[in-house]
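# Everything below, folded, please.
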Amino acid sequence: MRRREFITVLAGVAAAWPIVARAQHPAMPVIGFLGSRASGDDPQLLTSFRLGLKEGGYVEGQNVTIDYRFAENQYDRLPALAADLVQRQVALIAANGPAAQAAKAATSTIPIVFTAGFDPVEVGLVASLNRPGGNVTGLSILDVELGPKRLELLRELVPKAGIIAILVNPNDPVRAGNISTAVQKAARSLGLDANVLQASSERDFDAVFGSLLQMRADGLVIGGDPFFNSRSGQLGALTARHKVPAIFQFREFTAGGGLASYGANLTDSYRQVGLYAARILKGERPADLPIVQPSKFELMINLKTAKALALVVPARLLATADAVVE
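Numbering: from 1, shown residues only. Got it, this is the predicted structure:
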């Protein structure tokens with residue numbers, strides 16, 4: 001080979017080498033986000049999830065891809081959506097509430113990080129809170145556990161209450177049953193009659209408020225559920241319009257016109273899911289990451305609504321409230 005031809009060949013190899021090197025660079029990991037809500041519900045939660053990922057060193061579109069699947073509040077779609085993500089062989093699945101149970105049923109190997117209001121040990125997601133074991137970890141915002149406390153707060157706000165109602169979503173029967181049982185037990189200890197009402201879509205709301213009027217309910221405890229969570233402001237406005245003293249878990253409910261809210265910060269929970277997802281992508285095992293439980297709960301009271309309902313908010317509650325709407 002002539003010297004000039006040899007140099008030309010070397011130059012071609014050198015030019016091609018970066019292309020080969022780039023082709024051999026590992027692809028970005030793919031996170032499967034499995035949500036029970038509709039795709040447009042609560043965009044701030046996705047923003048918070050991405051923030052947690054960013055704090056952990058991952059930015060969507062730069063060094064991680066997120067593949068979204070939404071059940072549009074039709075929980076029976078979750079198993080197929082979970083199976084689709086498993087078939088795609090995503091690196092990790094982030095899931096909320098009932099979506100976490102569908103993901104767990106679909107895979108025992110792909111890591112799963114969840115946020116949910118139920119007890120993850122009771123429903124079989126993890127072996128224990130401190131040592132989850134298996135492929136699942138995440139956060140429990142203690143919605144079921146806080147149901148009786150919300151009833152106690154409602155009783156303080158409506159001391160003459162005799163009949164209360166509990167609103168649950170039948171599409172998530174385990175959580176609905178647990179919330180109903182816990183609040184009914186607390187109601188009996190307070191000398192209250194407790195009735196269970198159900199709603200799984202906005203079409204059911206009119207029937208719910210009609211039932212409240214028919215039973216002459218003095219108050220309403222709304223059980224946590226992803227569908228209800230995404231309608232927090234709407235439910236708050238409905239309870240104000242129908243003049244029903246009611247309590248829910250998130251401040252959006254009270255800001256929308258509901259009487260009171262008491263619970264963990266859901267937005268921060270999604271940020272924590274992002275942080276855990278980043279740690280797992282870096283090599284940590286879900287089995288070794290303990291279930292996170294909130295240490296602080298927010299109490300918010302709508303004084304404007306209390307005045308419209310002719311209720312006097314006890315000084316103790318005003319002093320301990322994290323926020324008030326006036």
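# Distance check, Ala38 against Phe70.
From Ala38 over to Phe70 the distance is 6 Å, taken as Cβ to Cβ, to the nearest Å. Where C-beta positions appear, they are placed from N, C-alpha and C, glycine not excepted.
# Neighbour count: those two, which is higher?
Comparing Ala38 with Phe70 by other Cβ atoms under 10 Å, the one with more neighbours is Phe70, at 19 against 15.
# The more buried one reaches Ser39, doesn't it?
Yes - the criterion here is Cβ atoms under 8 Å, and Phe70 meets it with Ser39 at 4.3 Å.
# Mutual contacts of the two, please.
With Cβ atoms under 8 Å, 6 or more residues apart in numbering applied, the contact sets of Phe70 and Ser39 do not overlap.
# quick check, Tyr262 in a strand?
Yes - per DSSP: H, G, I helix; E, B strand; the rest coil, Tyr262 lies within a strand segment.
# show me the contacts for it.
Leu146, Lys149, Arg150, Leu153, Ile247, Gln249, Phe297, Glu298, Leu299, Met300.
# one more time with 10 Å, if that's ok
Residues counted as contacts of Tyr262 (Cβ atoms under 10 Å, 6 or more residues apart in numbering) are 146, 149-150, 152-154, 247-251, 254, 297-301, 321-322.
# Out of those residues, list just those in strands.
Among those, the ones falling in strands (DSSP state E) are Ile247, Phe248, Glu298, Leu299, Met300, Ile301.
# can I get those in TSV with distance to Val123?
Conversion of the ones in strands among the contacts of Tyr262 to TSV gives the following (distance: Cβ to Cβ, whole Å):
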residue	distance to Val123
Ile247	24
Phe248	22
Glu298	25
Leu299	27
Met300	29
Ile301	32
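# By pLDDT, give me the weakest of these.
Among these, Glu298 has the lowest pLDDT, at 94.
# In this structure that one contacts Gln249, no?
Yes - contact criterion Cβ atoms under 10 Å: Glu298 and Gln249 qualify, at 9.2 Å.
# Spell out which residues are contacts of both of these two.
Contact criterion Cβ under 10 Å, 6+ apart; residues shared by Glu298 and Gln249: Ser261, Tyr262, Gly263, Ala264.
# Tabulate those (TSV), appending distance to Leu311.
Output for the shared contacts of Glu298 and Gln249, formatted as TSV (distance: Cβ to Cβ, whole Å):
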residue	distance to Leu311
Ser261	15
Tyr262	16
Gly263	21
Ala264	25
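# outside of stretch 49-67, which residues touch it?
Contacts of stretch 49-67 (Cβ under 10 Å, 6+ apart): 27-35, 46, 84-85, 88, 90-94, 96, 113, 115, 267-282.
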